[in-house]
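Visitor: can you look at this prediction? I've put the sequence above it.
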Amino acid sequence: MFLSRLEKFENLLLQNTFSGAVLNPGASLTYLTDLSFHLMERPVIFFYLLGKKPVMVLPDLEKAKLETLPYEITPFFYGDNPLERESAFRKAIGSLNLIGKRLAVEPTRLRFLELEYLNEYAPSTTFVSGNKVFDTLRLRKDKGEIEAMQKAVEIAQKSFQALLPQIRVGKSEKELASELTAQLLKFGSDPELPFQVILSSGPNSANPHAVPEGRVLQTGDLVVVDWGASYEGYASDLTRALVLGKPSDKQRSIANAVLLANTAGRTTGKPGIAAGDVDRAARKEIDNAGYGKFFTHRTGHGLGMETHETPYMFAENMQILEPGMVYTVEPGIYLPGEGGVRIEDDIVVTPTGSKSLSDLPRELYVIQ
């Protein structure tokens, strides 16, 4: 599997006229090596040069991880004395002869810390954004990846169902978010969740990326729950909306509009259409309901080893959908000072259309 991924990686590098690439910890490095590292004060760099054995700079304490590497590399280790890093980088770069090379980097991952070492010991090498390579590398998921994401969805759904009986007036956002986190781990999520649980209530639910606070849930509140699990490194990302007590006419109105938008977004996706078509289909329903200005973000984003990756579902995106792409559909309406509703599902493009990996009820949950 990893050799086929490397072959795909090489082809993308060649197509974009790169001599190779430099990666630091992140999803792409894990995808290519099955190695997982945290970004920390100790730099980790993976050099991949076409036609050469890969080279890696990493701290001594990570040495044991290389025992599981699916192919051979040349490692250069350093200890806890920061001065030892300079020697490791100098030797690693010297072994590769990078003079005049054009190397791809991930602009959202490479830090100034690593770039300083690269510029110091490879001054005649050009480091260029490799977005065209990395945006494509993990774009189409294979059967095993989709199965892992399906499992991540199942874990998330079971966790939410376990939380529902505990959602009531008097509970705080933080308390419920913590409980949902515990349930995710209980039902089998990887220890590192794809993102922090969002559980927002009342006026806070009008903030799409609210952070759970000490606010106590009250009768009449709209509540937005945005959560996900991770399974074997692959993420799920779901959102459902609730109301405490009998919903008002306005609350029902925005919930119905978002449900129609979610349905339109979920059913529009298929091979050969533009990602932007999904956004336009969902946005049209909210515009028709008169709430267009309160839908303040794109309809969705790609999903995989990272919570946000290509393709991005915004109206102007002409990227063509292909089988194996996975993305979210998450329209929302947010009324400042009042509350919001968002409904989110995870969608995979199939050879003939698309299907939702998630199947929790999407209607507004009424908590009495």
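Guide: Sure, I can see it. Residues are numbered from 1 along each chain as shown.
Visitor: residues touching stretch 95-103, excluding its own?
Guide: 17-22, 47, 49, 52, 55, 74, 76, 122, 124-128 (C-beta atoms under 8 Å, 6 or more residues apart in numbering). Just so you know, the C-beta spots here come from the backbone N, C-alpha and C atoms, and that holds for glycine as well.
Visitor: how about a cut-off of 10 Å?
Guide: Stretch 95-103 is contacted by residues 13, 16-22, 47-50, 52-55, 74, 76, 92, 118, 121-128, 130 when judged by C-beta atoms under 10 Å, 6 or more residues apart in numbering.
Visitor: what's the mean pLDDT across that stretch?
Guide: Average pLDDT, stretch 95-103: 95.
Visitor: that stretch: end-to-end distance?
Guide: From its first residue to its last, stretch 95-103 covers 16 Å (C-alpha to C-alpha, to the nearest Å).
Visitor: next one: stretch 184-198
Guide: Start-to-end, stretch 184-198 (C-alpha to C-alpha) is 13 Å.
Visitor: what residues sit buried inside that stretch?
Guide: Neighbour counts over stretch 184-198 (16 or more other C-beta atoms under 10 Å) mark 184, 187, 189-190, 193-194, 197-198 as buried.
Visitor: what do you get for stretch 208-218?
Guide: Neighbour-count burial for stretch 208-218, counted by 16+ other C-beta under 10 Å, picks out 208, 210, 212, 215, 217.
Visitor: quick one, what contacts the second one?
Guide: Meaning Ala210. When contacts are counted by C-beta under 10 Å, 6+ apart, Ala210 touches 173, 198-201, 203-204, 224, 226, 340.
Visitor: now for the residues you listed, which pair is the farthest apart?
Guide: Longest distance between any two of the contacts of Ala210 is 16.5 Å, between Pro203 and Asp226; criterion C-beta to C-beta.
Visitor: which one of these two is surrounded by more residues?
Guide: Using other C-beta atoms under 10 Å as the criterion, Pro203 and Asp226 rank with Asp226 on top: 22 against 17.
Visitor: elements contacting the helix or strand hosting the more buried one?
Guide: Asp226 is part of strand 222-227 when elements are defined by DSSP states H and E. Judged by 3 or more C-beta pairs under 10 Å, 6 or more residues apart in numbering; DSSP states H and E, strand 222-227 is in contact with helix 143-163, helix 173-186, strand 198-201, strand 238-244, helix 249-268, strand 332-335, strand 339-342, strand 365-367.
Visitor: what count of nearby residues applies to Thr350?
Guide: Using other C-beta under 10 Å, Thr350 is surrounded by 15 other residues.
Visitor: in contact with the nearest residue to it once chain neighbours are set aside, which residues?
Guide: Distance criterion C-beta to C-beta, 6 or more residues apart in numbering; nearest residue to Thr350, sequence neighbours excluded, is Pro323 at 6.0 Å. By C-beta under 10 Å, 6+ apart, Pro323 lies in contact with 140-141, 270-271, 348-354.
Visitor: over to Pro323: give its phi and psi.
Guide: For Pro323, the backbone dihedrals (degrees, to the nearest 10) come out as phi -50, psi 140.
Visitor: what's the pLDDT at it?
Guide: Reported pLDDT for Pro323: 98.
Visitor: do the one 4 residues further on as well
Guide: In the prediction, the pLDDT value recorded for Tyr327 is 98.
Visitor: surely it meets Thr307?
Guide: No: applying C-beta atoms under 10 Å, one finds Tyr327 not in contact with Thr307, separated by 11.5 Å.
Visitor: between these two, who's got more neighbours?
Guide: Using other C-beta under 10 Å, the more surrounded residue of Tyr327 and Thr307 is Tyr327, with 28 against 18.
Visitor: got the CA positions of the helix or strand in which the more buried one is found in CSV?
Guide: Secondary structure assignment for Tyr327, by DSSP H and E: strand 326-329. What follows is strand 326-329 as a C-alpha-only set of coordinates in CSV (Å, rounded to 0.1, in the frame of the first residue of the first chain):
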residue,chain,number,x,y,z
VAL,A,326,-15.2,12.7,0.8
TYR,A,327,-16.6,16.0,2.0
THR,A,328,-19.1,17.5,4.5
VAL,A,329,-22.4,19.2,3.8
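Visitor: helices or strands next to it in the packing?
Guide: Partner elements for strand 326-329 (3+ C-beta pairs under 10 Å, 6+ apart): helix 143-163, helix 249-268, helix 275-288, strand 300-302, strand 309-313, strand 345-349, strand 354-356.
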